[in-house]
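*Asks:* Test case, fold it:
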Amino acid sequence: MKKITKETYLNWYENMLFWRKFEDKLASVYIQQKVRGFLHLYNGQEAVLAGSLHAMELGKDRMITAYRNHVQPIGMGVDPKRVMAELYGKATGTSMGLGGSMHIFSKEFKFHGGHGIVGGQIPLGAGMAFGDKYFDRDNVTLCFMGDGAVRQGSLHETLNLSTLWQLPVVFVVENNGYAMGTSVARTASHDEIWKLGLGYDMPCEPCDGMDPVKVAKTMDKAIQRARSGGGPSFIEMKTYRYRGHSMSDAQHYRTKDEVEEYKKIDPISTVKEIILSKKYATEKQLAAIDKEVKERVAECEKFAEESPFPDLNLMYDAVYEQQDYPFIKHKL
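*Replies:* This next block holds a predicted model:
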């Protein structure tokens, strides 16, 4: 595994802080109705992404996830301005403003969505891994899902075939404790999700998803296994989200005390404490990073605000490859 150095910690701090502030801004403009539809925020789960990116080979490995998908493409290399523009529904967005919050894509940076159907991305992730194996590429696909998605039949069909064909894919369950408002304990007779892999003779294990170091080590082992022909893995990242399932979630299913308790292990605060304790940076230097992060978020907001909305005819041009598509009767 790549060494975890002073630079690693500083990068983790800056990246996770930027992801957090980026989505805080999205929450703010959502209330102003500048972002419409659903909005599912990642606050609290940033260590899962930070550790996973450290273990990946960016530019080679792929990532696919569900609808809580704003910061993942940024981590993969997508310009955050384009991500924010997509949520604004602007033409400069990653999907030309036609996808919105749940459908962010970047073929260039190997980020394959953003999927609104619960569990819909799971067989797609296996399919991409199948393609890499078929064409003898040494890429690995990371397929993320929430704890609610593991109750979908598509997961079990996919785990079966992935093991049978020894596909280079790592299945990652981001278990934040709740599927919308339903706790994991109410969805099955056990709450150790990682054990689902045992039924398919698939390497599986739990991991502390609030610690980027533990995430990086666990993911490195699974990715290297997949890359060397050892087949898939099934990882349960035990994490927590500080905001509701979406912006419309009143959160009646949990107490404020519970949320505050988990904030004591906020991955951003934890990494900051390590940086200060190891003297990797001073408070003043971290304050400079904080200032730069706020400026970058403001630039993203300005870009999205000033970008144009897509032309109405783009709905046809982006969906239909055939110019004289027979079912189009007229253009707007």
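*Asks:* can you give me the strands in the protein?
*Replies:* Here the chain has its strands, by DSSP state E, at 62-64, 141-146, 169-175, 178-179, 182-183, 204-208, 233-238.
*Asks:* Now do the last one, average pLDDT.
*Replies:* Summarised as a single mean, pLDDT over strand 233-238 is 98.
*Asks:* now the angle from it to strand 141-146?
*Replies:* Angle, strand 233-238 to strand 141-146, by axes from the mean of the first three to the mean of the last three Cα atoms, to 10 degrees: 40 degrees.
*Asks:* Quickly run through the sheet partners of strand 233-238, with directions.
*Replies:* strand 169-175 (parallel), strand 204-208 (parallel) (DSSP bridges).
*Asks:* so which of those strands comes closest to residue 256?
*Replies:* strand 169-175 (21.2 Å; Cβ to Cβ). Yep, even glycine has a C-beta here, placed from its N, CA and C like the rest.
*Asks:* got the buried residues for that closest one?
*Replies:* Neighbour-count burial for strand 169-175, counted by 16 or more other Cβ atoms under 10 Å, picks out 169-175.
*Asks:* Now those residues in CSV, please, with extra columns for distance to residue 224 and pLDDT.
*Replies:* Below are the buried residues of strand 169-175 laid out as CSV (distance: Cβ to Cβ, whole Å; pLDDT from 0 to 100):
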residue, distance to residue 224, pLDDT
169, 13, 98
170, 10, 98
171, 16, 98
172, 15, 98
173, 20, 98
174, 21, 98
175, 23, 97
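*Asks:* Between the strands of the chain, which one is closest to residue 247.
*Replies:* Closest among those, using Cβ to Cβ: strand 178-179, at 15.4 Å.
*Asks:* which residues touch the closest one?
*Replies:* For strand 178-179, contacts defined as Cβ atoms under 8 Å, 6 or more residues apart in numbering pick out 146-149, 151, 184, 187, 241, 245, 253-254.
*Asks:* re the thing from before, make JSON lines out of the strands paired with strand 233-238 and add distance to residue 223.
*Replies:* Output for the strands paired with strand 233-238, formatted as JSON lines (distance: least, Cβ to Cβ, whole Å):
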{"stretch": "strand 169-175", "distance to residue 223": "6"}
{"stretch": "strand 204-208", "distance to residue 223": "13"}
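*Asks:* and of those, who's closest to residue 113?
*Replies:* So among the strands paired with strand 233-238, strand 169-175 is nearest, using Cβ to Cβ, at 15.1 Å.
*Asks:* re the thing from before, write the ChimeraX selection for whichever of the contacts of strand 178-179 are buried.
*Replies:* Burial among these is assessed by 16+ other Cβ under 10 Å; the matching ChimeraX selection reads:
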select :146,147,148,149,151,184,241,245,253
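*Asks:* Give the single residue among the contacts of strand 178-179 positioned nearest to residue 17.
*Replies:* Closest to residue 17 out of these is residue 241 (16.9 Å), distances taken as Cβ to Cβ.
*Asks:* My guess is that closest one contacts residue 181. True?
*Replies:* No. Residue 241 lies out of contact with residue 181 (Cβ atoms under 8 Å); the separation is 12.0 Å.
*Asks:* Which helix runs longest in this structure?
*Replies:* helix 6-31 (DSSP state H).
*Asks:* Counting neighbours, which bits of that helix end up buried?
*Replies:* Neighbour-count burial for helix 6-31, counted by 16+ other Cβ under 10 Å, picks out 8-10, 12-23, 25-26, 29-30.
*Asks:* For this protein, which segments count as helices?
*Replies:* Ranges of helices in the chain, per DSSP H, are 6-31, 46-55, 71-76, 80-87, 121-134, 153-164, 212-227, 256-263, 267-277, 283-306, 314-319.
*Asks:* will you turn those into TSV that also has mean pLDDT and distance to residue 204?
*Replies:* Formatted as TSV, these follow (pLDDT from 0 to 100; distance: least, Cβ to Cβ, whole Å):
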stretch	mean pLDDT	distance to residue 204
helix 6-31	98	26
helix 46-55	98	16
helix 71-76	98	22
helix 80-87	98	32
helix 121-134	98	15
helix 153-164	97	10
helix 212-227	98	9
helix 256-263	96	24
helix 267-277	98	23
helix 283-306	98	36
helix 314-319	75	39
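*Asks:* With that, I have no additional questions.
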